[in-house]
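Asker: Have a look; sequence and predicted model below, questions after that.
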Amino acid sequence: LPSALSSPPTATESVTTRKRLVEFTKMSILHDEVELTFACSSGSGGQNVNNVNTKAIVWCALDRAWIP
């Protein structure tokens, strides 16, 4: 489990999450609502990982309708 989860999700939580995912995939996000940049990853990794911009960073306002 990811460190943020202390226990597996319940059946109800799983159903709710799946419904939100289906709703989210139907939404359109305008290009000007997000800022997308790329940077070098930190830490260990495979060949070339610290020489190429492999980390994607997405910035957006948290008051948008498409954010639950």
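Answerer: Sure, I can see it.

Asker: Quick check: the spatially most central residue of the chain vs Asn51, distance?
Answerer: Note on the chain: the residue nearest the mean C-alpha position is Val58, at 8.4 Å, using CA atoms, centre = their mean. Note on Val58: its distance to Asn51, by CB to CB, to the nearest Å, is 22 Å. (Glycine included, C-beta is placed from N, CA and C.)

Asker: residues contacting the nearest residue to Val34 once chain neighbours are set aside?
Answerer: Leaving aside its sequence neighbours, Val34 sits nearest to Cys60 (CB to CB, 6 or more residues apart in numbering; 4.6 Å). With contacts defined as CB atoms under 8 Å, 6 or more residues apart in numbering, the neighbours of Cys60 are 33-35, 67.

Asker: and the helix or strand harbouring Ile57, which strands flank it?
Answerer: Using DSSP states H and E, Ile57 maps to strand 55-60. For strand 55-60, the pairing partners within the sheet under DSSP bridges are strand 34-39 (antiparallel).

Asker: secondary structure element for Phe24?
Answerer: helix 11-26.

Asker: where are the low-confidence patches of this protein?
Answerer: 1-5, 43-50 (pLDDT under 70).

Asker: The residue lying closest to Pro9 once chain neighbours are set aside: neighbour count?
Answerer: By the measure of CB to CB, 6+ apart, the closest residue to Pro9 outside its immediate chain neighbours is Thr17, 7.0 Å from it. Thr17 sits with 12 neighbouring residues when counted by other CB atoms under 10 Å.

Asker: go on, the one 10 residues further on?
Answerer: Neighbourhood size, Met27 [other CB under 10 Å]: 9.

Asker: Equivalent analysis for Thr25, please.
Answerer: Thr25, neighbours per other CB under 10 Å, totals 7.

Asker: ok, back up a step: I would like the residues contacting the helix holding Phe24, please.
Answerer: 9, 66, 68.
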